[in-house]
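S.K.: coords please:
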Amino acid sequence: MFHHLVFFYLRKDLTPAERSQFETKLRGLDKIKSITSCYIGRPTPSERAIVDSSYDFAEMFIFKSQAEHDAYQVDPIHVDFVQSCKTFWSSVKIYDFE
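M.R.: This next block holds a predicted model:
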């Protein structure tokens, strides 16, 4: 299995409508057929100092293989998401593992 985790840090000056548009587009990625499992959410508040909740949204997609992940990267839905939403974030962190 190939795991793809992405943490989005959105610009602080986004309007509520822009944040909503981002979330809608992000959640739309679950339509990509090469994704086996899809998890999307916001940070859970925690009083534990070790927990990093500085991001705005996270996604974790599980693929059967790296080849399935590579197909996701060029899927038109993903390409559209990146092109239409990249101005909404100030930073993105990606962690992939098998």
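S.K.: any chance you could map the helices in the protein?
M.R.: 16-27, 66-74, 76-85 (DSSP state H).
S.K.: what about the ones you listed, which gets the closest to L5?
M.R.: Among these, the nearest to L5 by C-beta to C-beta is helix 66-74 (11.7 Å). Using the backbone N, CA and C atoms, a C-beta is placed for each residue, glycine as well.
S.K.: and for the closest one, what are the contacting residues?
M.R.: Helix 66-74 has contacts (C-beta atoms under 8 Å, 6 or more residues apart in numbering) with 2, 4, 32, 34-36, 61, 63, 78, 96, 98.
S.K.: So what's the gap between it and the chain middle?
M.R.: Here the centre of helix 66-74 is set off from its chain's centre by 15 Å, with C-alpha atoms, centre = their mean, to the nearest Å.
S.K.: Report the buried residues of that helix.
M.R.: 68-69, 71-72 (16 or more other C-beta atoms under 10 Å).
S.K.: For the nearest residue to L10 once chain neighbours are set aside, grab the count of nearby residues.
M.R.: Nearest residue to L10, sequence neighbours excluded (C-beta to C-beta, 6 or more residues apart in numbering): D56, at 4.3 Å. As a burial measure, D56 scores 21 neighbours (other C-beta atoms under 10 Å).
S.K.: Check what pLDDT D56 gets.
M.R.: pLDDT, D56: 97.
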